[in-house]
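K.L.:
Got a predicted model here, sequence first, then my questions.
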Amino acid sequence: MAALFRRSLSLVLMPALFAVVIHPASAHPHVFVDGGVDFVFREGRTLEALNVTWIYDEFETLYLLSSYGLSLNREGELDEADRKELVRLRSDWPEDFDGSAHLTLDETEVELDWPTNLDLHLVDGRLQATFTRRLSNPITVDEQILELAFYESTYFYAFSITNHPKVLGDQGRCLASMVPFDLDAKLASLQSTLAKLSREETPQTENVGALFADRIALICE
């Protein structure tokens, strides 16, 4: 039944996908990504990396596959050879990649290295990407407030934290909690304005994605 549903979904969505390719959607943001971030500690409460998960929406999933000349098989799945080829192609991150995971310690930005260990799988008709962002300089977290904002600076991608954050490794007593984005009247007005932008237009507000960001607060006692 699940395979039949996915196969039917691909048949229904593919014509819509081509319409999107030919006539880009006018609403901004244009891509919707669920997911989240897990924190990786080593001995001594030292945070050394973030494990990031992206789950693309169904339309973007098909758009990405089509853009690389790939497609789902008869079972509505991605063949293993195609999956590995997609990982290879997507591992060449664009120069303007800004991470989606923005980390601060006591409101001071923490620098993250370029993504590594990319893996891609099709899960329930949606492309799921996982990768690692190592801290350029690992930090010891001790009674400090660590905050992670989940966003893309131009808000072309709308990220939502849907995976509960995990704290992995030797971290003592650390608790991660989600802080969902709260759309107030002012931001609702801005969001309405942004919705009128085409795929080719960039918002004039600098780092506008941060205004619509879900966040994770990590506190270690």
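P.N.:
Arrived safely.
K.L.:
quick one: what helix or strand has the residue most central in space within the chain in it?
P.N.:
In the chain, the residue lying closest to the centroid (C-alpha atoms, centre = their mean) is residue 54, at 3.8 Å. According to DSSP states H and E, residue 54 maps onto strand 46-56.
K.L.:
Which residues does that strand contact?
P.N.:
31-42, 64, 100-101, 103, 112, 115, 123, 126-135, 138-141, 146, 148, 159, 162-163, 168, 171 (C-beta atoms under 8 Å, 6 or more residues apart in numbering). Using the backbone N, CA and C atoms, a C-beta is placed for each residue, glycine as well.
K.L.:
List the buried residues in that strand.
P.N.:
46, 47, 49, 50, 51, 52, 53, 54, 55, 56 (16 or more other C-beta atoms under 10 Å).
K.L.:
Now do the same contact list for residue 29.
P.N.:
Here residue 29 is in contact with 155, 156, 157, 158, 194 (C-beta under 8 Å, 6+ apart).
K.L.:
what do you get if the cut-off is 6 Å, keeping everything else the same?
P.N.:
155, 156, 158 (C-beta atoms under 6 Å, 6 or more residues apart in numbering).
K.L.:
distance of the closest residue to the last one other than its chain neighbours from residue 160?
P.N.:
In this structure, residue 158 finds its nearest non-sequential neighbour in residue 29, 3.9 Å apart by C-beta to C-beta, 6 or more residues apart in numbering. Applying C-beta to C-beta, to the nearest Å, one obtains 11 Å for the distance of residue 29 from residue 160.
K.L.:
Sweet, I'm off.
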